[in-house]
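Undergrad: quick one, structure for this:
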Amino acid sequence: MSRPPRPERSGRLGEAVGSWRAALRIARREARRARGRTALVLAMIALPVLALSFVAVSYDMAALTRAESFDHRVGDADVELRWLSENPLHQDTWGESTWPRQGEQVDRERPVDRREIETLLPAGSRISRILWWVPFEVRIGDRTETMDGRVLDFTDPLARSTVRLRAGRAPTAPDEVAVSRRAAARLGVRVGGTVAPADGSGRWRVVGVVEFPSQLGEVVAVAPGGLPRLGPGHEESWLVDLPGALDTALVDRLNAHGVMVRARTAVPGGQPPGGGPERVTLPDPVAASNSVLVGGLGLLEVVLLVGPAFAVGVRRRRRDLALVAVAGGDPVHLRRIVLADGVVLGGLGAVLGLLLGVTAAVLGRSLVEEYVMGERGGGYRFFPAALAAIAGVAVLAGVLAALAPALAAARQDVVAGLAGRRSVPPHRRRWLVLGVTLTVLGAGAAALGAGHGDTPVLLAGLVLGELGLVFATPTLIGLLAHLGRLLPPAPRIALRDASRNRSSAAPAISAVMAAVAGSVALGVYVASDDARNRAEWQPGMPPGRVLLVRADREGTGPLPPLPLVTERIRAELGTDAVVPLAVPECVDQTPDGYCSVTSVLPAERVCPYEAREYRSAEIRRQALADPRCAAPARAVNGSYLPTLVDDGAALRVLSGAPPEEVAAAGAVLRAGGVVVTDPRYLVEGRVVVRVDRSTGGSRPSTLTTVTLPGYLLRGGLPVDRLVLSPAAAGQAGLAARPFGYAVDTATAPSPAQLDRVVTALRPVLPVSVEVERAPPASAQRPLLLLLAAGAGVITVGAAGVATGLAAAEGRRDLSTLAAVGASPRVRRVLSLCQAGVIAGVGSVLGIAAGLGSALIILTAMNRQYAQTWPVESPYPVVVPWQTLGVLVVVPLVAMLGAGLFTRSRLAVERRLD
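TA: Coordinates of the predicted model:
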């Protein structure tokens, strides 16, 4: 066959352009005529576009450039200096990372003097010091609260440029502070009020309300000298106003002394991190795949919700489409006319959603900054690439929603269309076969992804499974219609209409099914994960016990007399069971050193497998079968207790063991032994204890071991615990340092009681309090209810849309019912049954699909866990009955709403056929 000439190709292109122009003009006219249906489609397309555009624009305005981030942090300063090292270092071009020029970096721990900084800077430089993230401890009632404090000199214009004064004045005296709005709300103070320090030494006077652009949370600004007990280790910056430009020589001089430089622009002489070539940051392929798949699920949901409106629109225009066919239009023209509806309504929905979303993002910018981002945003930017993509997806959603009705319109019977009769096209079996195939493939892919921890494969399997159920839904509707002969007239008519109008009923049922299935599957996983976490919860002390840890800054010296402490605790908690606690400490321990005391596992009882060997399936099988690799102790989730020095008095309170075992363990401790809870450490009645001493300097740490008589405490909590007697501690070269108190209470005290205990003990010993409680209550209940509510909204919305469209389509059937003598309430009952078919069938399918998906995923994960080492607990299958209860009630709500909002009058119209 010879190639057609260019003029003919141009003619075909012109014909296509003209055909599309006419189709779009028809679609625009139809949108004006069917205003109710148009508004419905626009709302369903514009709402997700509004939400996405709001997020995109808000994110773009909140994503600060380097210059904006620098301005928010240091105001008008030219550079920010941080003295990090005692030896020379290299830094990157933006002052975000450093590495030593030679050897290991020696951190700067000595205080930085102002004159040291000035000697490194050019003449005429102005500097100002700021301390960040300083703990600001105050008393609120009986509680001690810690907020973020910043120490800066407000009399210096350089430091004052980093903060915005909102009310009052800036603090200038050591006893004056300024607070942010959220800090003022938490403290319950206004300008002119006072704040009490946690240690009770004097009071601060609040003189102003300030705002730090880089931190909109609870911040307190303090003048220099306002925190007299400020210790080392806080983040310190020096803001510098240079007389000239920042050059390479100055950066090299500062780096040579261990000072890192950060500027508004790239630092001259800076290097890529690690001194290597600059790396290009690529998007995470896994995260990108997850985003695409989740977005595909959302797009499918929108398509399913909008699809019934286009299907009903095609049926109401079947005579117009038949006239087009009679006038010479081929199936291609008919498809374009219907697809043009999707293009026009998708485009209008995109424009409307973008306008509303961008407007909402601009108007709600301050709220997003304060309550979501926690810092001020940058310039007004609108992320045009993201908005264009969102608009394109909205148009695509409209076209996809109109695709199935367009294919049906191209196959309709022209004669039946001219006569106004409905011709129901036969449903082809290939869609059922395709649906079953996709469902099976999706279930397999989801199980494979769950078993291997591959989230993209898991999501892809869920998408395939959902598509398979969507393709199989029309066949299921046809099967249900056969049951209608056994039902009363109203539900029989509802099932018949759903079967005859599968192009509109199937998408609505599929939308409900998809929403409910996702809610149920995620709800089962969340509930199962919560049950697993609760089963793995391991307290460090018996529930109800209270641990009071000394919180004085020195942390040394004897504890107050026990009768005095007991009296104050009894007044608040009503118990005399107060036991002092002590921890081992090396006799020659330096302030910068540490001393750790642990029990030593015998060599023959050590698990011979290393962490780096986990990937070998053979090693995992051997480790699972080796009893040496099964640790009897569990990791502590609650209060953690270090190694203790005790004579047996604290064992009863801390272990929860039976009295006879506590008495035997106390006898061993009084005889100079040790107590362990892990049987692997006890060999022939003796335990090896290792002491690791470090001076904190350049000298290496030293290890010493000592073998001591031991006792195995079998009862009580299954946690790994080591208790030394005072004699055993002395034999190991250790001393007992007072640690705090353990309190035995009949019931767990309330937070108010604990606050009163801390307040009562503050004059004699500042303490921090910990209480061991039962496993925490599930924090997932709001999430489960939110999932159910979201699915319920979609269910009610889909049922309402489909019912309304069915009512508009079935007015002639209602006229027939009126003509044969049906009562007015038949219309209400019919609408109620139509909503029940959509919501009920969709909910039942969704619950079954969700439970099946969750069971497949959890079973696959548990099979993987059964072959892993270290051993992980399997997931129990927990059904969230609250979620299912809500989803069972929702169809009833949809039916009730349809019955209440449907007019009972049966209109009598002239039949055209």
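Undergrad: would you map out the domains in this structure?
TA: Using automatic domain parsing, the domain parsing of the chain gives 21-75+312-423, 76-271, 424-537+776-913, 546-771.
Undergrad: out of those domains, nearest to residue 299?
TA: Closest approach to residue 299 among the domains of the chain (CB to CB): domain 21-75+312-423, 5.8 Å. Quick note: C-beta positions are derived from backbone N, CA and C, even for glycine.
Undergrad: show the pLDDT at residue 799.
TA: pLDDT recorded at residue 799 is 67.
Undergrad: try the one 4 residues further on
TA: pLDDT, residue 803: 66.
Undergrad: least reliable of the domains of the chain going by mean pLDDT?
TA: Of all the domains of the chain, domain 424-537+776-913 has the smallest average pLDDT, which comes to a mean of 73.
Undergrad: on that earlier part again, between the domains of the chain, which one is nearest to residue 303?
TA: Closest to residue 303 of the domains of the chain, according to CB to CB: domain 21-75+312-423, at 4.7 Å.
Undergrad: nearest residue to residue 537 in space, please, no chain neighbours.
TA: Spatial nearest neighbour of residue 537, chain neighbours left out: residue 775 (4.0 Å); criterion: CB to CB, 6 or more residues apart in numbering.
Undergrad: repeat that for residue 849.
TA: Closest residue in space to residue 849, ignoring its immediate chain neighbours: residue 517 at 4.0 Å, by CB to CB, 6+ apart.
Undergrad: how near is that neighbour to residue 305?
TA: Using CB to CB, to the nearest Å, we find residue 517 at a distance of 15 Å from residue 305.
Undergrad: returning to that earlier point: which strand or helix spans the residue nearest to residue 849?
TA: Residue 517 is located in helix 502-536, with elements delineated by DSSP states H and E.
Undergrad: with residue 139 instead?
TA: Residue 139 is part of strand 126-140 when elements are defined by DSSP H and E.
Undergrad: what's the answer for residue 843, then?
TA: Per DSSP H and E: helix 825-865 holds residue 843.
Undergrad: give me the helices and strands touching that helix, please.
TA: helix 429-452, helix 455-481, helix 489-500, helix 502-536, helix 781-809, helix 811-819, helix 881-900 (3 or more CB pairs under 8 Å, 6 or more residues apart in numbering; DSSP states H and E).
Undergrad: for residue 711, which of these is the nearest?
TA: It is, among the helices and strands packed on helix 825-865 and with distance given as CB to CB, helix 502-536, at 28.1 Å.
Undergrad: can you check what angle separates the closest one from helix 429-452?
TA: 20 degrees (axes from the mean of the first three to the mean of the last three CA atoms, to 10 degrees).
Undergrad: any idea of the angle helix 502-536 forms with helix 825-865?
TA: 40 degrees.
Undergrad: can we start the residue count at 173 from this point?
TA: Sounds good: first residue 173 from here, last item helix 674-708.
Undergrad: now helix 674-708: buried residues?
TA: For helix 674-708, the neighbour count (16 or more other CB atoms under 10 Å) marks 674-700, 702-705 as buried.
Undergrad: do the same with stretch 917-934
TA: Neighbour-count burial for stretch 917-934 flags 917, 921, 925, 926, 927, 928, 929, 930, 931, 932, 933, 934 (criterion: 16+ other CB under 10 Å).
Undergrad: quick one: which two of those are the most distant?
TA: The distance between the two most remote of the buried residues of stretch 917-934 (CB to CB) is 20.1 Å, for 917 and 934.
Undergrad: picking that back up, would you turn the domains of the chain into TSV with distance to residue 471?
TA: Shown next, in TSV, are these (distance: least, CB to CB, whole Å):
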stretch	distance to residue 471
domain 193-247+484-595	6
domain 248-443	35
domain 596-709+948-1085	10
domain 718-943	38
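Undergrad: thinking again about what came up before, most packed of the helices and strands packed on helix 997-1037?
TA: Mean neighbour count (mean count of other CB atoms under 10 Å) peaks for helix 674-708 among the helices and strands packed on helix 997-1037, with a mean of 24.
Undergrad: direction included, what does the next helix or strand after that helix pair against?
TA: Next in sequence after helix 674-708, counting helices and strands by DSSP H and E, comes strand 718-722. Sheet pairing of strand 718-722 (DSSP bridges) gives strand 906-915 (antiparallel), strand 939-943 (antiparallel).
Undergrad: so what touches the last one?
TA: Which is strand 939-943. Residues outside strand 939-943 that contact it (CB atoms under 8 Å, 6 or more residues apart in numbering): 716-723, 811, 912-913, 920-921, 926, 929-930, 933.
Undergrad: about what we covered before: what is the strand holding residue 311 packed up against?
TA: Packing partners of strand 298-312 (3+ CB pairs under 8 Å, 6+ apart): helix 286-292, strand 315-324, helix 329-332, helix 353-359, strand 391-394, strand 407-413.
Undergrad: chain center to the helix holding residue 689, what's the gap?
TA: Offset of helix 674-708 from its chain centre (CA atoms, centre = their mean, to the nearest Å): 18 Å.
Undergrad: same question for stretch 834-853.
TA: For stretch 834-853, the distance to the chain centre is 45 Å (CA atoms, centre = their mean).
Undergrad: coming back round to it: tell me which of the helices and strands packed on strand 298-312 is the most buried.
TA: Most buried of the helices and strands packed on strand 298-312, by mean neighbour count (mean count of other CB under 10 Å): strand 391-394, with a mean of 25.
Undergrad: for that one, which strands pair with it and how are they oriented?
TA: strand 315-324 (parallel), strand 348-351 (antiparallel).
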